[in-house]
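Enquirer: Quick one: sequence plus predicted model below, questions after.
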Amino acid sequence: MRIEDPDQITIAPDGGMPEAQPKWRQDFPIDWPKDEYRSRRDFTKLLGLTSLAFVVGQAWIVLLSLIQRAEKRPPPFEITSLENLPVGTARLFYYPTQIDPCLLVRITPNEFVAFGQKCTHLSCPVIPRVPEGKFYCPCHSGSFDLKTGFPLAGPPRRPLPRVLVEVRNGKVFATGLADRSVV
Amino acid sequence: MIQLDYIDRSHSPQTVPVVCMHCDSPTCAEVCPADAIKRTEDGVVQSARKPRCIACNNCVLACPFGVPKMHTEMRLMMKCDMCYDRTSVGKKPMCASVCPSQALYFGTRDEIERLRPNSQPFNTFKFGRQIISTKVNLMIPKHSAIEHVDVLEAIYQPPTGREMEDTLFMNPGEA
């Protein structure tokens, strides 16, 4: 018997050529050198397919965010009427769903702000302190600016999600979430 | 790893060493479902790879020479690998280097033909319809005809050296 390939020494049970064997036999060779051999083409294919999978994943993430952005905004929600909200007080409401507590604050007679109540550090509910001009989180002494919702002190690094507020016919409506929200 | 088999234990202390024949188409590796039995570039069939072997016993049952042995406590098949630790550094396998009568010999075909002019090497075996050629050769008398054991016929014959005295398989009337 003449050996063509020094790495191919084992003979298939049918005695045929190595190229004529089924794919599974070529994929799981008995010979040690063939078993440990990784061809440059296979390695490049692995690199290429892995990179392609990453690219597809990134594109999928971008697509999902675009679709989410294209979804229509949550419907306006009537929070309260102006008579029930004296200047300098806050009111709790839930928007856009029943598990998202938010705070509406009337700072001046014509200035309303609304933010999500969950502290961006560990989701403790924040307490409005209107005279001091801030939201205070009692868990770790974090505070947020009352007008912008940006963090002032303590562990939180991200601003509170902002709810857009509109006054129509003496009633206050929540009309959507600002783009920076992380809801 | 060598093992000794008794030829006819009830009548004789004769043993025969069983070494792996290192087939060109190893049946143990063919039946291995875990891809664990590999062959080196020298044609030496290795023991099962420990990370892959699942201790399924397929190789033990499939080998026509009865070479692989399952080490249940290690969950690993181990067999003669021609002392790969020795032969890979130029030494002879342990069994061949210690055999006082040179019944086991490790060397080239030219050497053995020069040493034993009255014998011829023989390395093709038939098991039913399976024809196996091996790296390990048996030495047989030079001018004798090569006979193959008819395995399919032999499996119906009672085994030698083991008297069947078990009445369990006999008919109730005969017992």
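Expert: Great, that's in hand. In this text, all values refer to a predicted model and were calculated from it rather than measured experimentally.

Enquirer: CA atoms only for the one helix or strand in chain B whose mean pLDDT sits lowest, dumped as CSV, please.
Expert: Least confident helix or strand, chain B: helix B:151-154 with a mean of 74, by mean pLDDT, DSSP states H and E. Provided in CSV are the C-alpha atoms of helix B:151-154 (Å, rounded to 0.1, in the frame of the first residue of the first chain):
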residue,chain,number,x,y,z
VAL,B,151,-15.6,-17.0,13.7
LEU,B,152,-19.3,-17.2,12.8
GLU,B,153,-19.0,-21.0,13.0
ALA,B,154,-16.9,-20.9,16.2
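
Enquirer: Tell me how far it lies from the chain's centre.
Expert: For helix B:151-154, the separation from the chain centroid amounts to 18 Å (computed by Cα atoms, centre = their mean, to the nearest Å).

Enquirer: which residues touch that helix?
Expert: Outside helix B:151-154, the residues that touch it by Cβ atoms under 8 Å, 6 or more residues apart in numbering or on different chains are B:Pro64, B:Lys126, B:Phe127, B:Gly128. Glycine gets a C-beta too; all of them are placed from N, C-alpha and C.

Enquirer: Cross the residues you listed against strands and list the overlap.
Expert: B:Lys126, B:Phe127 (DSSP state E).

Enquirer: And the lengthiest strand in chain B, what's buried?
Expert: Assignment by DSSP E gives strand B:130-141 as the longest strand of chain B. Within strand B:130-141, the residues that qualify as buried are B:Ile132, B:Thr134, B:Lys135, B:Val136, B:Asn137, B:Met139, counting by 16 or more other Cβ atoms under 10 Å in any protein chain shown.

Enquirer: can you list these in a markdown table and add distance to A:Gly57 and pLDDT?
Expert: Compiled in a markdown table, these are given as follows (distance: Cβ to Cβ, whole Å; pLDDT from 0 to 100):
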| residue | distance to A:Gly57 | pLDDT |
| --- | --- | --- |
| B:Ile132 | 51 | 90 |
| B:Thr134 | 52 | 92 |
| B:Lys135 | 50 | 91 |
| B:Val136 | 54 | 92 |
| B:Asn137 | 58 | 91 |
| B:Met139 | 65 | 91 |
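
Enquirer: what about B:Leu104, neighbour count?
Expert: By other Cβ atoms under 10 Å in any protein chain shown, the residues close to B:Leu104 number 17.
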